[in-house]
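1. Sequence and predicted model, in that order:
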Amino acid sequence: MTERFAILPFAPAHLAAISDLWVATWAKTMPDIDFEARRPWFHGHLDTLQAGGAEVHVAQANGGEVAGFVAIHPGTGYLDQLAVAPAFWGKGAAEALMDTAKARASGGIQLDVNQDNPRAIAFYERLGLKIVAAATNPASGRAIWRMAWRPG
Ligand SMILES: CC(C)(COP(=O)(O)OP(=O)(O)OC[C@H]1O[C@@H](n2cnc3c(N)ncnc32)[C@H](O)[C@@H]1OP(=O)(O)O)[C@@H](O)C(=O)NCCC(=O)NCCS
């Protein structure tokens, strides 16, 4: 069942919640990796993304809980981060965040997704993104798809 989500610009008060949901959702998605150990990297990466011109938007559920976030660069259209807390999977938070990303990056979106992340790939395909290339993540060595969305 879908819910309604408010999309808010990221504020420092959101950091603890988005950090917790980033660790939880990735631990569920890739249980072989210790994402808790990567939390400091995540905090630095968020700073780096924003310093480089990316925007971070947060989805807030009716009850006030932070359900997820997206990091999108309006100029390049590169979507570096999309994460929704497991408790909000399948409830529409990810779609609300992608609606905002599409509105902010009106020239189109590109992103990289691990080929062994079928849930995310199915989600992006449902929203009209297409696989445009295969590559290898230079940092992790994992096979990735480059996916893209172009406005109609
Ligand atoms: C990716 C993510 C944002 C999607 O949000 P979500 O709320 O889970 O997405 P939805 O439930 O709306 O859609 C997921 C789709 O995948 C499908 N799915 C789930 N598991 C699947 C699997 N193993 N194989 C294929 N499809 C699968 C679901 O059925 C659903 O499709 P449907 O609505 O057509 O039935 C969220 O799962 C998440 O945060 N994952 C961890 C972080 C991540 O992977 N981020 C993206 C990195 S590029």
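-> Received it, and whenever you're ready, just let me know what you need.

2. so where do the strands sit in this protein?
-> With DSSP state E as the criterion, the chain has strands at 5-9, 55-61, 66-72, 79-84, 109-114, 130-136, 143-149.

3. which one of the ones you listed is the most hemmed in?
-> Mean neighbours per residue, mean count of other Cβ atoms under 10 Å, is largest over the strands of the chain for strand 66-72, with a mean of 26. For the C-beta atoms, the positions are set from N, CA and C on the backbone; glycine is no exception.

4. from the chain's centre, how far out does that one sit?
-> 6 Å (Cα atoms, centre = their mean, to the nearest Å).

5. Pull up the per-residue confidence for the spatially most distant residue from the centre of the chain.
-> In the chain, Gly152 marks the outermost C-alpha relative to the chain mean, sitting 22.0 Å out by Cα atoms, centre = their mean. pLDDT for Gly152: 83.

6. Need the pLDDT of Met1.
-> We have a pLDDT of 64 for Met1.

7. That's all I had, so thanks and see you.
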